[in-house]
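> Sequence and predicted model, in that order:
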Amino acid sequence: MTGAGIAAIAFVVIAGCGHAARTTVMSTTDPSGYPCVLRDPGTLPDDFMVRQSLTIRAQRDGKAIEGQLDAVLQKQRDTLVIVGFGPMNVKAFTLTQRGDRIEFTQFTGPELPFSPRNVVVDVHRVFFKRLPAPAEARYSGVVRGELDGEHVEETWRDGELRARVFTRPGSTLHGAIRVELGPGCGPIHCEPESATLHNEWFGYTLTVASEGYEKL
């Protein structure tokens, strides 16, 4: 597992430590070791809010490492917001994408040891980075295509998107990012009950359990 992955778990586990709020602002197009084209939220379908429980797992020196966090994800018009909560439901951070601007404000916990952009990337990969839906109703099968410089393979089952694999042929990033989706991600609305993102590039697994989707 990479140092960034280990640091991510450490941040989640000890997010209850208090300090003065810190704010970081960056662009979606800033250079990053975790490549992904981030679309303006205003161009993305659906406005919604959902409560989530997140678990991140990895291995270090042969031992399992795990951290947990509760969050609220909201996408409304041109704004994507993630609010993370630490122990006793204390607000740990807010992370906002508006257009090509990302703003991260951290209220508790140690300084985030990786770019907040990485969190936004994983949200996009779970909810928004997808190929055009199959024309056939209740389609079952595999769809392949290119999206923003990446090869994407999607698995559909009875009209629902259930898995997505991202690879970057010719890059130094080996393996893939694999997203498994629970029921609820259809051709128009993607509201999966659960999602698991296996990041082979950086050696971690993120599991998301969602409840209480609300249309906005």
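The structure has been received and is ready for your questions.

> Residue ranges in this protein under the pLDDT threshold?
Low-confidence segments of the chain (pLDDT under 70): 1-19, 113.

> Report the outermost residue of it with respect to its centre.
Glu136 (28.1 Å; C-alpha atoms, centre = their mean).

> what helix or strand does that one sit in?
Glu136 belongs to no helix or strand when assigned by DSSP states H and E.

> List phi and psi for it.
The phi/psi pair for Glu136 (degrees, to the nearest 10) reads phi -70, psi 130.

> can you give me the strands for the protein?
18-27, 48-60, 63-76, 79-85, 91-98, 101-108, 141-147, 150-157, 160-167, 177-181, 194-199, 204-215 (DSSP state E).

> Restrict the last one to CA atoms and write it as CSV.
This means strand 204-215. The C-alpha coordinates for strand 204-215 follow below in CSV (Å, rounded to 0.1, in the frame of the first residue of the first chain):
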residue,chain,number,x,y,z
TYR,A,204,-6.8,0.5,-1.0
THR,A,205,-10.5,-0.5,-1.0
LEU,A,206,-13.3,2.0,-0.2
THR,A,207,-16.7,0.6,0.7
VAL,A,208,-19.7,2.9,0.8
ALA,A,209,-23.1,2.1,2.2
SER,A,210,-25.8,4.7,1.3
GLU,A,211,-29.2,5.4,2.7
GLY,A,212,-31.9,8.0,2.4
TYR,A,213,-31.5,9.3,-1.1
GLU,A,214,-33.4,12.6,-1.5
LYS,A,215,-34.1,14.3,-4.8
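
> What residues of that strand count as buried?
204-210, 213 (16 or more other C-beta atoms under 10 Å). Just so you know, the C-beta spots here come from the backbone N, C-alpha and C atoms, and that holds for glycine as well.

> and that strand, what other elements does it pack with?
Judged by 3 or more C-beta pairs under 8 Å, 6 or more residues apart in numbering; DSSP states H and E, strand 204-215 is in contact with helix 3-13, strand 48-60, strand 194-199.

> starting at the chain centroid, how far to that strand?
Remark: strand 204-215 is offset 10 Å from the chain centroid, using C-alpha atoms, centre = their mean, to the nearest Å.

> List the neighbouring strands of that strand plus their orientation.
strand 48-60 (antiparallel), strand 194-199 (antiparallel) (DSSP bridges).

> List the beta-bridge partners for Gly141.
Trp156.

> who's in contact with it?
Counting by C-beta atoms under 8 Å, 6 or more residues apart in numbering, Gly141 makes contact with 134, 155-156.

> And for Val126?
Residues in contact with Val126, defined by C-beta under 8 Å, 6+ apart, are 179, 181, 192, 195, 197, 208.

> I'd say the last one and Ala195 touch.
Pointing back at Val208 there. Yes: applying C-beta atoms under 8 Å as the test, Val208 and Ala195 come out as touching, 4.5 Å apart.

> what's across from Glu84 in the sheet?
Quick fix: residue 84 is Gly, not Glu. Beta-bridge pairing of Gly84, defined through DSSP bridges, involves Ala71, Phe93.
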